[in-house]
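[1] Need a 3D model of the following:
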Amino acid sequence: MANVEETYDVVIVGAGHAGCEAALACARLGFDTIMFTVSVDSIALMPCNPNIGGTSKGHLVRELDALGGEMGKNIDKSFIQSKMLNKSKGPAVHSLRAQADKQDYTREMRKTLENTENLTIRQGEVSELIVENGVIKGVKMISGSTYFSKAVVLATGVYLKAKCIYGDVCQYTGPNGLMAANNLSKSLMNHGIKLRRFKTGTPARVDKRSIDFDKMEEQLGDKEIVPFSFSTDAEKIQKNQVSCWLTYTNEKTHKIIKDNIDRSPLFSGMIEGTGPRYCPSIEDKVVKFADRDRHQVFIEPEGLYTNEMYLGGMSSSLPEDVQFAMYRTVPGLENVKIVRNAYAIEYDCIEYGQLLPNLELKKIKGLFSAGQFNGSSGYEEAAAQGLVAGINAARYVEGKESLILDRSQAYIGVLIDDLVTKESHEPYRMMTSRAEYRLLLRQDNADLRLTKIGYEIGLVTKERYDYVCEKEKQIEQEIERLEHCKLGANKEVQEYLEEIGTTTLKTATTLAELIRRPELDYKKVASLDKQRKKLPEDVIEQVDINIKYSGYIERQKKQVKNFKKLENKRIPENFDYTDVKNLRIEAMQKLNLYQPVNIGQASRISGVSPADISVLLIYLEQQKQKERKDIM
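    Here you go, the predicted model:
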């Protein structure tokens, strides 16, 4: 009996957060797309924490939305609590975070996928890549079926040769007992793709009825809910929110962990993969931060229609009996009943140095990858890569130039650049500190930065594009007006400034100068502004931030200009760095491995010093001069 053979423009392998964004991008751009998953029930699964966003991750979701992605819209449909983090700090680090109803999140994303034209969803395990002369031609299934395509996006998450571990228990499954993908790794290695083992973990889920919330601190959502998506009507999503709760571990908890540390597969050697430094297990925290007498534990609901609660901050791979003992030392959890044990999960992902800036694999043309397969962690990091990989797979099929966002344009640019140029030895997590130009890359202005790019690509509607253009125009006009609108030191002004508690005027000033004062803002000077017109709230927010931080913003813009100079100095493809004399051996090896596309990228590769960059710049200039002479 003959096996099934079908042909598509793009094949997406995996239906997690990366796969969903990649599939939607390709299909929405008009390409016949098929997305494979080991289980249709695992589409957009949230196997770990029940939330979207958070510090720096909220930036990624907003940027994803501005480019035409789906995650922001989906969490706006399915959140049960919303909170803006870091409000006491400057706007550069404000980040939106929302608790999701996990089932609703998955259901809503699946509904969107199933009703998208040009998109086919197929349950099955991809076992092999079809590659001819270094070019991807499609995939084969474990069933023997063949799916030919012009491009493939790998978004395998934590499923490749996945192994779930707690104590002595080792189960060869993906998260939540789902089937692992055990065959594709061999095919990847046969085609020259180097793999490594990473690990991540998740805490226990417990029964809400067994928790004493009176011993915990209630964590409420914001009174005024801010949506993730720029296209979501804020008024329509205001609703009653569920509470989260905060409690702490203590010395009893830590003693139980220390007494049983030899039974932890993390320390016994049973777990081989490297885990995320910025999301450690509770046993890791107790060992590495021995001076700390307590650690935070966040009790978060998994949804509206379940009693399962997530114990944030207490992921573990300790044996079942130790989990029961340590959880029950935590205030409020003395009689807790575990629904699902905590566990660690090991999986295959690619070794660093094998990606191009467009998320294409160097070894195989037309093969793109995204998410945890690329060595990152987190739903948001995965979705951001998935969107870019999907866009670039579609553009590859169409013969168009790839979309590459640089570090001055977006957090997504920082994320991908780090994955491409850095020697990461652990799952990569996005953080605001990784972004050099974070005052320019705020979450509140993601639409102004990226909507035009999304429109040019074809993922943003004309209506949304026009709205952003009008918004930009209104912001510029209002800032210009305020910078030139002068106020005299008259009685009315002086009395108002005294009432607010700020210094009175000695000479005339502008409204913009008043807004820059710490005690004042755009809304507080309204009574002094006789020519003010009514403006939308999102315009007012941008006017306020741009005026208040104008000096810092201008300074960062100058830094970006210098950054762009290096980014614009291109390096020829397949450049042989052994030809460059005076380059240190380590730099020569690293540059040959990573094959940076420009000098800026070369300068960010670990092991390449400023002196090496100077040598390289001189060499490239000499080569240019030589080429000019040869032409003449």
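
[2] Could you tell me how many residues sit around Gly177?
    Look at Gly177: counted by other C-beta atoms under 10 Å, it has 9 neighbours. In this view, the C-beta of every residue, glycine as well, is placed from N, C-alpha and C.

[3] repeat for Phe289
    Using other C-beta under 10 Å, Phe289 is surrounded by 12 other residues.

[4] Nearest spatial neighbour of it, chain-adjacent residues omitted?
    His295 (7.8 Å; C-beta to C-beta, 6 or more residues apart in numbering).

[5] Regarding the one you found, what are the backbone dihedral angles?
    Dihedral angles of His295 (phi, psi; degrees, to the nearest 10) stand at phi -130, psi 150.

[6] give me every residue that touches it.
    Tyr248, Thr249, Ile282, Lys285, Val286, Phe289, Gly313, Met314 (C-beta atoms under 8 Å, 6 or more residues apart in numbering).

[7] got it, and Asn374?
    Contact analysis of Asn374 by C-beta under 8 Å, 6+ apart lists Cys349, Ile350, Leu355, Leu359, Gln385, Leu419.

[8] Could I get the pLDDT score of it?
    Looking at Asn374, its pLDDT stands at 97.

[9] Dihedrals phi and psi, it?
    When quoted as degrees, to the nearest 10, the phi and psi of Asn374 stand at phi -80, psi 0.

[10] Okay, it and Val13: tell me how far apart.
    Distance of Asn374 to Val13, given as C-beta to C-beta, to the nearest Å: 13 Å.

[11] Quick one: residues contacting Ser187.
    Counting by C-beta under 8 Å, 6+ apart, Ser187 touches Ser127, Glu128, Leu129.

[12] so how far is Arg532 from it?
    64 Å.

[13] before we move on, what about Ser402?
    For Ser402, the distance to Arg532 - C-beta to C-beta - is 45 Å.

[14] Cys349 too?
    54 Å.

[15] and the gap between Val286 and Asn260?
    Distance, Val286 to Asn260, using C-beta to C-beta: 11 Å.

[16] swap in Glu224?
    Distance of Glu224 to Asn260, given as C-beta to C-beta: 46 Å.

[17] for Lys194, same thing?
    Taking C-beta to C-beta, one finds Lys194 at 36 Å from Asn260.

[18] before we move on, back to that, how about the contacts of His295 in CSV, adding pLDDT and distance to Lys89?
    Shown next, in CSV, are these (pLDDT from 0 to 100; distance: C-beta to C-beta, whole Å):
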residue, pLDDT, distance to Lys89
Tyr248, 98, 24
Thr249, 97, 27
Ile282, 92, 28
Lys285, 91, 25
Val286, 91, 29
Phe289, 89, 24
Gly313, 94, 22
Met314, 95, 27
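
[19] of all these, which comes closest to Leu64?
    Using C-beta to C-beta, Gly313 comes nearest to Leu64 of the contacts of His295, at 26.2 Å.

[20] The residue lying closest to Asp9 once chain neighbours are set aside: what's it in contact with?
    Distances taken as C-beta to C-beta, 6+ apart place Phe31 nearest to Asp9, at 3.9 Å, with adjacent residues excluded. Residues counted as contacts of Phe31 (C-beta under 8 Å, 6+ apart) are Asp9, Val10, Asn118, Ala394, Val397, Glu398.

[21] Mark which of those are buried, thanks.
    Taking 16 or more other C-beta atoms under 10 Å as the criterion, what is buried in the contacts of Phe31 is Asp9, Val10, Asn118, Ala394, Val397.

[22] quick check, nearest of the residues you listed to Lys239?
    Asn118 (33.8 Å).

[23] got the phi/psi numbers for that closest one?
    Note on Asn118: backbone dihedrals following degrees, to the nearest 10 are phi 70, psi 10.

[24] So it versus Ala27, what's the distance?
    Applying C-beta to C-beta to Asn118 and Ala27 gives a distance of 4 Å.

[25] Can you work out which residues contact both of those two?
    Here Asn118 and Ala27 have Thr33 as joint contacts, going by C-beta under 8 Å, 6+ apart.

[26] Give me the buried entries from the contacts of His295.
    Neighbour-count burial (16+ other C-beta under 10 Å) applied to these gives Tyr248, Thr249, Ile282, Lys285, Val286, Gly313, Met314.

[27] May I ask which two of the residues you listed are separated the most?
    Applying C-beta to C-beta across the buried ones among the contacts of His295, the maximum distance is between Tyr248 and Val286, 13.0 Å.

[28] can I assume Gly390 sits in a strand?
    No - assessed with DSSP: H, G, I helix; E, B strand; the rest coil, Gly390 is helix; it does not lie in a strand.

[29] Thought Asp9 was touching it, still the case?
    No - counting by C-beta atoms under 8 Å, no contact exists between Gly390 and Asp9, whose distance comes to 11.5 Å.

[30] ok so Glu283 is a helix residue?
    Yes - counting by three-state DSSP, Glu283 is part of a helix.

[31] Now do the contacts for it.
    Counting by C-beta under 8 Å, 6+ apart, Glu283 makes contact with Ile257, Ile261, Ser264, Leu266, Phe267, Ser316, Ser317, Leu318.

[32] Could you dump those residues into TSV and include pLDDT, distance to Ile75 and neighbour count?
    As requested, the contacts of Glu283 are exported to TSV (pLDDT from 0 to 100; distance: C-beta to C-beta, whole Å; neighbours: other C-beta atoms under 10 Å):
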residue	pLDDT	distance to Ile75	neighbour count
Ile257	94	34	24
Ile261	91	37	16
Ser264	84	34	25
Leu266	70	32	22
Phe267	67	36	16
Ser316	93	27	27
Ser317	92	29	31
Leu318	94	32	28
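
[33] Go through the residues you listed and say which is closest to Ala22.
    Ser317 (30.6 Å).

[34] re earlier: of the buried ones among the contacts of Phe31, which belong to helices?
    Among those, the residues falling in helices (DSSP state H) are Ala394, Val397.

[35] thinking again about what came up before, and which of the contacts of Glu283 is nearest Tyr105?
    The shortest gap between Tyr105 and any of these belongs to Ser316, at 24.5 Å (C-beta to C-beta).

[36] where does that closest one land in three-state SS?
    Per three-state DSSP, Ser316 ends up coil.

[37] Could I get the contacting residues of it?
    Ser316 is in contact with Tyr166, Gly201, Pro203, Ala204, Ser281, Ile282, Glu283, Gln323, Met326, Ala342, Ala344, counting by C-beta under 8 Å, 6+ apart.

[38] Can you list which of those are found in helices?
    Ile282, Glu283, Gln323, Met326.

[39] Which helix or strand contains the nearest residue to the last one once chain neighbours are set aside?
    Distance criterion C-beta to C-beta, 6+ apart; nearest residue to Met326, sequence neighbours excluded, is Ile256 at 4.6 Å. In the assignment (DSSP states H and E), Ile256 maps to helix 251-259.

[40] Tell me which helix or strand Glu381 sits in.
    Here Glu381, judged by DSSP H and E, is contained in helix 379-398.

[41] in a strand, that's where Lys137 is, yeah?
    Yes - according to three-state DSSP, Lys137 belongs to a strand.

[42] what about the nearest residue to it once chain neighbours are set aside, neighbour count?
    Once flanking residues are discounted, Lys137 sits nearest to Ile130: 4.3 Å by C-beta to C-beta, 6+ apart. Ile130 sits with 18 neighbouring residues when counted by other C-beta under 10 Å.

[43] ditto for Gly124
    Residue neighbour count, defined by other C-beta under 10 Å, stands at 16 for Gly124.

[44] now the strands for the stretch 201-350 of the chain?
    205-207, 217-219, 244-248, 296-301, 308-312, 338-340, 343-350 (DSSP state E, counting those that start in this stretch).

[45] and the fourth one, what does it pack onto?
    For strand 296-301, the contact count by 3 or more C-beta pairs under 8 Å, 6 or more residues apart in numbering; DSSP states H and E identifies strand 244-248, strand 308-312 as packing neighbours.

[46] Please identify the most buried of those strands.
    Highest mean neighbour count of the helices and strands packed on strand 296-301: strand 308-312, a mean of 22 (counted as mean count of other C-beta atoms under 10 Å).

[47] partners of that strand, with directions?
    Each strand that pairs with strand 308-312, with its direction, by DSSP bridges: strand 205-207 (antiparallel), strand 296-301 (antiparallel).
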